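Undergrad: Sequence isn't available, so here's the structure alone:
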């Protein structure tokens, strides 16, 4: 074998990889696209190949220079390069690894997250026709902004690298010379503020290339200038869906409180978190949705095949930064006394790294054999544990013991605190609407998670998840074939979001109403859907709503279909 590593280079990260690999005396061939990339590596003892390559070109490079592994340290937005290299490596059966630039959370409430340049242009056009715009996104998309932004050539300013290719690219896109700034990084807050003031920019556009790309500095510059920032999120590479599943050793072990705390802490960090719940469950998803601002989805192995579970998770996590799924009952508790259709089923079907939660109140070393039995009972993707009802002192004593004995990561602990519990009743927890101090409780849970759980470790475990093949969201047709009245209030609130969307995908127009509060059914309906919930709690108000009962009876007698749980 000619080389140990083929490194796709040209970034700061590629220099870090080289330094790490050279310490291990590994022989490296670095592939860079430009002479500038080669100059960055000239001080290292590596061989360098210069030139842009397509998939066939990378295959030929690998055939001519056999290597043990490909490490891709290209720019986070070099999506085409990443896909091309990965496909070439897979075609030849060579291990491929993507070296990820660390993703940051930015604490600035005027950041507008978008998926790509097209969305950025749409946001700019919604802000007005005359406000100056400062682009710091590089020359590759300069032409898109020149064509797409209204009055672009009089209001868009662009900063690019001070080299001939970048400057010529801006000129070819039509930008006036005094609207183009050729400068070389790194850029300080003062450098950015100078340019914002010089151009009079009312918004700054950047790609989320992380600290290496100076995004944290740009955020601070926008904060000090008092202007919004449009941030283009990193493209998802090869089906990357970072995710974890939080499972319990048993019902009542505290997984809902810990899940809510983690969701709150991650959301407070600025991450867009997609929540899931292993069904059947309706109340926990309400809490998840309340915390994250995103519809919680159910992954129910009783109603769904393993392929369906995989597709459901892949479909709705694509535009999130991180995905968190909460288990149901104990990890292996399924139908009857079997493990079939359990949380374990979901974790295996979706290939999701799982963290087990143990209520360790009253235990010390005994928790280790309990964990060992859970972990070794069946094949599983368990990657860590969390100790609930555990003090900081006991955690500090047990963490090294557990990691030494079991070789598994201890992600954190969650101590008991007064006033931090979510209310419950005979059918489970109280719904989000019924808890008067919900935000206060959720806030305490989030603070406790931030204090006791290593969220960076949790995110790292999630990023280790196996790649998923992306699944496109089904389109909802414009033409409506039926108008369905759906009962939705405190009494009727148990619905799987997926079921409602399936109706819409089939052409239904869903019209929501309250059997408790409203006097009549919506007009012109073709059917009624009465979901589950707590109607017995509101029986007096339901039974006294005579006009609503008359409307529902008339609909039934007229032959209109009704689904009532």
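TA: Received it, and whenever you're ready, just let me know what you need. Everything numeric here is computed off the predicted structure, so don't read it as measured data.

Undergrad: switch to C-alpha atoms for all contacts and neighbour counts from now on
TA: Will do.

Undergrad: Is residue 400 located within a helix, as I assumed?
TA: Yes - counting by DSSP: H, G, I helix; E, B strand; the rest coil, residue 400 falls inside a helix.

Undergrad: In stretch 318-336, which residues are buried?
TA: 318-334 (16 or more other CA atoms under 10 Å).

Undergrad: what about that stretch, how long is it end to end?
TA: 34 Å (CA to CA, to the nearest Å).

Undergrad: try stretch 264-276
TA: 14 Å.

Undergrad: For it, give me every contacting residue.
TA: 105-107, 263, 285, 288-289, 291-292, 294-299, 316-317, 320-326, 442-443, 445-447, 449-450, 455 (CA atoms under 8 Å, 6 or more residues apart in numbering).

Undergrad: Which ones among those residues map onto helices?
TA: 263, 285, 288-289, 291-292, 316, 442-443, 445-447, 449-450, 455 (DSSP state H).

Undergrad: Report the buried members of the contacts of stretch 264-276.
TA: Among the contacts of stretch 264-276, those classed as buried by 16+ other CA under 10 Å are 263, 285, 288-289, 291-292, 295-299, 316-317, 320-326, 442-443, 445-447, 449-450, 455.

Undergrad: circling back to that earlier point, from the ones in helices among the contacts of stretch 264-276, which is closest to residue 375?
TA: residue 455 (21.7 Å; CA to CA).

Undergrad: Which of the ones in helices among the contacts of stretch 264-276 scores worst on pLDDT?
TA: Looking at the ones in helices among the contacts of stretch 264-276 by pLDDT, the weakest one is residue 316, with 87.

Undergrad: I'd like the distance between that residue and residue 374.
TA: With CA to CA as the criterion, residue 316 and residue 374 are 30 Å apart.

Undergrad: now swap in residue 198 and tell me
TA: Residue 198 is 62 Å from residue 374, by CA to CA.

Undergrad: out of the two, which sits in the more crowded spot?
TA: Higher neighbour count among residue 198 and residue 374: residue 374, with 15 against 9, using other CA atoms under 10 Å.

Undergrad: Checking the more buried one next. Helix, strand or coil?
TA: Here residue 374 is recorded as helix under three-state DSSP.

Undergrad: The residue nearest to it when sequence neighbours are not counted and residue 124: what is the separation?
TA: Ranked by CA to CA, 6 or more residues apart in numbering and with sequence neighbours excluded, the top spatial neighbour of residue 374 is residue 249, at 7.8 Å. Distance from residue 249 to residue 124, counting by CA to CA: 50 Å.

Undergrad: for residue 397, same thing?
TA: Going from residue 397 to residue 124 by CA to CA gives 54 Å.

Undergrad: Looking at the two, which is more packed in?
TA: Taking neighbours as other CA under 10 Å, residue 397 and residue 124 compare with residue 124 leading, 22 against 12.

Undergrad: Around the residue nearest to the more buried one when sequence neighbours are not counted, count how many other residues there are.
TA: Distances taken as CA to CA, 6+ apart put residue 149 closest to residue 124, at 7.0 Å, once the chain neighbours are dropped. For residue 149, the tally of surrounding residues (other CA under 10 Å) stands at 21.

Undergrad: quick revisit: so which of the ones in helices among the contacts of stretch 264-276 is the closest to residue 222?
TA: Nearest member of the ones in helices among the contacts of stretch 264-276 to residue 222, counting by CA to CA, is residue 292, at 25.4 Å.

Undergrad: so that closest one touches residue 263, yeah?
TA: Yes - assessed by CA atoms under 8 Å, residue 292 is found in contact with residue 263 at 6.8 Å.

Undergrad: now the top strand by length along the chain, how far from the centre of its chain.
TA: Ranked by residue count under DSSP state E, the longest strand found in the chain is strand 322-330. On the basis of CA atoms, centre = their mean, to the nearest Å, strand 322-330 sits 14 Å off its chain's mean C-alpha point.

Undergrad: Quick one: mean pLDDT for it?
TA: On average, strand 322-330 scores 96.

Undergrad: Please apply the same query to stretch 548-556.
TA: For stretch 548-556, mean pLDDT rounds to 97.

Undergrad: Only the buried residues of it, if you could.
TA: In stretch 548-556, counting by 16+ other CA under 10 Å, buried: 548-549, 552, 555.

Undergrad: so what secondary structure elements neighbour the helix or strand where residue 485 lies?
TA: Per DSSP states H and E: residue 485 is located in strand 482-487. Under the contact definition 3 or more CA pairs under 8 Å, 6 or more residues apart in numbering; DSSP states H and E, strand 482-487 sits against strand 508-513, strand 527-530.

Undergrad: Try it again at 10 Å.
TA: Secondary-structure packing of strand 482-487 (3 or more CA pairs under 10 Å, 6 or more residues apart in numbering; DSSP states H and E): strand 492-494, helix 497-505, strand 508-513, strand 527-530, strand 562-564.
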